[in-house]
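> this is a predicted model, with the sequence first.
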Amino acid sequence: MDKQLALDHFRAIPEKILGEWRYRVFGAGDRAFLAIPGGELVNDLGFEFALAIAQTHSVIYPAYPRASSIGELSEGLRAVLDAEGIGQVAILGASFGGAVAQVFVRRYPDRVRELILSNTGVPLGHLARPVGITYWIVKAMPWRLTSRLLRKPLLGTIDQSGTDHAFWADYLDELFASRLTKADVLSNIRVQYDYHRRFHFTPEDLKNWPGRVLIAESDSDVIGPRRRQALRETYPCARVHTFHNAGHAPMFTRYGEYLEMVNSFLKQPDAPTLH
């Protein structure tokens with residue numbers, strides 16, 4: 001299906017409202033799949049992947065509201081699952097979404113069946129200071145300039161080959177012109193600061209959790225080798241899939257391989273994992 005037609009089809013799925021949260025629920029199957037956004041914050045950037053997963057799962061795809069802490073976002077996701085009467089999910093967190101997913105599984109391990117961490121990292125205390133500095137720089141800059149600085153690398157991340165440049169350029173123009181605000185971005189930076197300042201994960205955190213973990217990483221990611229290694233060491237029994245030269249968003253740059261990886265992982269029989 002043409003990308004614009006697929007996006008239009010996806011956006012025709014009505015959103016539900018729960019307090020400040022907006023989310024879509026769609027798809028087939030008895031098992032639930034929670035797809036949480038990255039730093040884009042909205043709930044349709046991954047529309048193609050979400051529609052594909054919806055062939056076999058009931059998909060919950062929320063957008064983030066403004067928040068002051070990552071724990072607040074975790075609590076909001078739990079409330080969404082409660083509102084939908086969903087007990088357990090497979091959860092995919094990519095980039096910033098991976099940070100939210102890691103906090104969520106530690107707070108509510110009984111709600112997570114499978115954990116997919118894609119191009120993300122564990123909290124590291126030394127990153128809190130540069131994130132804090134970024135907050136004050138962004139706060140001082142006019143939104144028009146900030147949005148231009150954010151848009152260019154994001155376009156290169158999701159359309160690495162330039163094949164769908166016109167479509168994604170239009171999508172991002174709309175995103176920064178009418179869907180995201182400076183306040184949204186500042187809120188997200190505060191949450192990232194909270195993540196690195198307040199949290200520390202170890203392999204022992206989930207030692208009694210029987211779920212399974214998949215780590216998706218790229219050898220050319222902006223998340224460098226040391227941070228990727230720290231993630232693998234935190235989840236020593238995780239299945240690891242490394243994409244070659246796929247950048248920070250293999251869901252887009254290696255779509256077919258990415259979808260096959262996730263489907264293969266989800267189809268594995270349930271079995272306790274020793275953490």
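On my side now, so go ahead. Computed from a predicted structure; not experimentally measured. Numbers count the residues shown, from 1 in each chain.
> quick check: phi and psi at the residue lying closest to T202 once chain neighbours are set aside.
Excluding the flanking residues, the one nearest T202 by C-beta to C-beta, 6 or more residues apart in numbering is T234, at 6.9 Å. C-beta here means a position set from N, CA and C on the backbone, and glycine is covered the same way. Dihedral pair for T234: phi -70, psi -30, per degrees, to the nearest 10.
> can you check A28 too?
Dihedral pair for A28: phi -130, psi 160, per degrees, to the nearest 10.
> ok, it to A12 distance?
Note on A28: its distance to A12, by C-beta to C-beta, to the nearest Å, is 17 Å.
> neighbour count: those two, which is higher?
For A28 versus A12, neighbours defined as other C-beta atoms under 10 Å are more numerous around A28 (10 against 7).
> correct me, but that one touches I53?
No - A28 lies out of contact with I53 (C-beta atoms under 8 Å); the separation is 10.3 Å.
> please identify the buried residues of the helix or strand where R148 lies?
Here R148 sits within helix 143-158, counting by DSSP states H and E. Within helix 143-158, the residues that qualify as buried are 146-147, 150-151, 154-155, 157-158, counting by 16 or more other C-beta atoms under 10 Å.
> between the residues you listed, which is closest to S68?
Nearest to S68, judged by C-beta to C-beta, of those is T146 at 20.1 Å.
> mind checking how far the closest residue to L172 other than its chain neighbours is from L145?
Excluding the flanking residues, the one nearest L172 by C-beta to C-beta, 6+ apart is R151, at 5.1 Å. From R151 across to L145, the span is 11 Å (C-beta to C-beta).
> again with Y171
Applying C-beta to C-beta to Y171 and L145 gives a distance of 20 Å.
> residue boundaries of the helices in the stretch 1-150 of the chain?
3-11, 47-53, 70-83, 96-107, 128-140, 143-158 (DSSP state H, counting those that start in this stretch).
> show me what the shortest one is packed up against.
Contact analysis of helix 47-53 by 3 or more C-beta pairs under 8 Å, 6 or more residues apart in numbering; DSSP states H and E lists helix 3-11, strand 32-36, strand 58-63, helix 255-267 as its packing neighbours.
> what about 10 Å?
helix 3-11, strand 21-27, strand 32-36, strand 58-63, strand 89-94, helix 250-253, helix 255-267 (3 or more C-beta pairs under 10 Å, 6 or more residues apart in numbering; DSSP states H and E).
> and those as CSV, adding mean neighbour count?
CSV is the format used below for the helices and strands packed on helix 47-53 (neighbours: other C-beta atoms under 10 Å):
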stretch, mean neighbour count
helix 3-11, 14
strand 21-27, 19
strand 32-36, 25
strand 58-63, 24
strand 89-94, 26
helix 250-253, 24
helix 255-267, 15
